[in-house]
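Asks: for reference, the sequence and a predicted model appear below.
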Amino acid sequence: MAYQTINYSVERRVATIAMNRPETLNALNDDMLRELYDAIKLADRDAEVRVVVLTGQGRGFSSGQDLNTFQHAGEQRDIGAHLDQIYHPLIQRLAGFNKPTIAMVNGVAAGAGMSLALACDLRVAGDSARFTQAFVRIGLVPDSGSSYFLPRLIGYARALEMTMTGMMVDAATALQWGLVNRLWPQDHLAEETTCLAVELAEGAPLALGMIKREIAYGFAHPLHETLEREKDFQIQAAETEDHKQAVQAFFQKQPPMFRGR
Ligand code: T3D
C-alpha cells in the first residue's frame, strides 16, 4: 500500500511504521492519523508481522496534533467529533493490538504524539528524546489516552506535574521515571531497537499476546480475579504447539522455534 504521510516496511517479522512529516516534527494531521490506523490494521492482519515499531522520521518522534488545523478551522472545528472519530479508534487499536509494540522515540514527543508513544507496550529512546504533555501550553487538557497511561507509567504525582506544567522531560529523566524502558546513545538507537524487536519477534507469539492482556487485566482487577484470568490464559498457553515444542527443545538443548500455533 502506498502511504503519503508515513513509511511502512517489514523486515525480520518486524513492521516499522515511521511518521513522515519531518518538517513539522511529524505533526499529526488527519491524513497521517488515518494512515497510522490503516498501517496498524495491516500489521495486525499480516501473519508474517510479529512486532511493530512506531517511530518518526527526522529529528522528532511527533509534535502532536497539527496546530495548523486549529489555526485554519477556527470556531468551526468539532474537537469532540475529531477525538471520537480519529484519535480514539487509533489509540484503541494501538493499545489493543495483540502483538508487541515498541515506540522508538527520537527527539521530541509532544501532546498527542506523546500519547501515541504511551499507548505502545514499550518505549525506547535515544538520548535526543524528550517528552512534553504540551496540551496545557495551548490551554488544552490531555487527550488521546495520556491521562490513562501516564499515571500508570510514572505515578500520579509526576503525571500531574507533567500535565499541569507542560514541562519538558529529558531522556535521562524519562528513564529514571520509567517513562522509557531503555535509553541508548542516539547513534545506536535504530540498531538496538532492531535487536529488541527481533528478540520479541522470535518469542512465542500466542503467549506474548496473552501476556499483554494478562498484565493489563491484573493492573485493573483484584488478586482473586487476576488469579482466575492467569489460570485461563495458562490453560490456553499450555495447549499450544509452541509450548510443547519449547519443552522438547529445552531437553534437546536446542533453541525453541515458535510458530504461533
Ligand atoms: O482532536 C484534536 O485536535 C485535539 C487533539 C489535540 C492533541 C494535541 O496534540 S494538542 C498539542 C499539540 N502540540 C503542541 O502544542 C506542540 C507544539 N510544538 C512545540 O511546542 C514545539 O514545536 C516542540 C516543543 C514540539 C519542538 O520545539 P523545537 O524548538 O524543537 O521545534 P520548533 O522550531 O518549534 O518546530 C519545528 C517546526 O515544526 C516549526 O516549523 P517552521 O518554523 O520550521 O516552519 C514548527 O512550527 C513546526 N511544528 C512544531 N510542532 C507543530 C508544528 N507544526 C504544526 N503543528 C505542530 N504541533
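Replies: Right, received. Where do you want to start? Numbers count the residues shown, from 1 in each chain.
Asks: list the contacts of the host helix or strand of Arg93.
Replies: Under the criterion of DSSP states H and E, Arg93 resides in helix 88-95. Residues from elsewhere that reach helix 88-95 (C-beta atoms under 8 Å, 6 or more residues apart in numbering): 33, 36-37, 40-41, 44, 54, 101, 115-116, 119-120, 144-145. In this view, the C-beta of every residue, glycine as well, is placed from N, C-alpha and C.
Asks: starting at the chain centroid, how far to it?
Replies: Taking the mean of its C-alpha atoms, helix 88-95 sits 10 Å from the chain's own mean (C-alpha atoms, centre = their mean, to the nearest Å).
Asks: next: stretch 2-10.
Replies: On C-alpha atoms, centre = their mean, the centre of stretch 2-10 falls 17 Å from that of its chain.
Asks: same deal with stretch 236-243?
Replies: Worked out by C-alpha atoms, centre = their mean, stretch 236-243 lies 27 Å from the chain centre.
Asks: contacts for it?
Replies: 204-207, 210, 256, 258-261.
Asks: as JSON lines, the contacts of helix 88-95 with distance to the ligand would be great.
Replies: Formatted as JSON lines, those follow (distance: C-beta to the nearest ligand atom, whole Å):
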{"residue": "Leu33", "distance to the ligand": "9"}
{"residue": "Leu36", "distance to the ligand": "14"}
{"residue": "Tyr37", "distance to the ligand": "14"}
{"residue": "Ile40", "distance to the ligand": "18"}
{"residue": "Lys41", "distance to the ligand": "20"}
{"residue": "Asp44", "distance to the ligand": "24"}
{"residue": "Leu54", "distance to the ligand": "16"}
{"residue": "Thr101", "distance to the ligand": "19"}
{"residue": "Ser115", "distance to the ligand": "7"}
{"residue": "Leu116", "distance to the ligand": "10"}
{"residue": "Ala119", "distance to the ligand": "13"}
{"residue": "Cys120", "distance to the ligand": "16"}
{"residue": "Ser144", "distance to the ligand": "6"}
{"residue": "Gly145", "distance to the ligand": "11"}
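Asks: which among those end up buried?
Replies: 33, 36-37, 40, 54, 101, 115-116, 119-120, 144-145 (16 or more other C-beta atoms under 10 Å).
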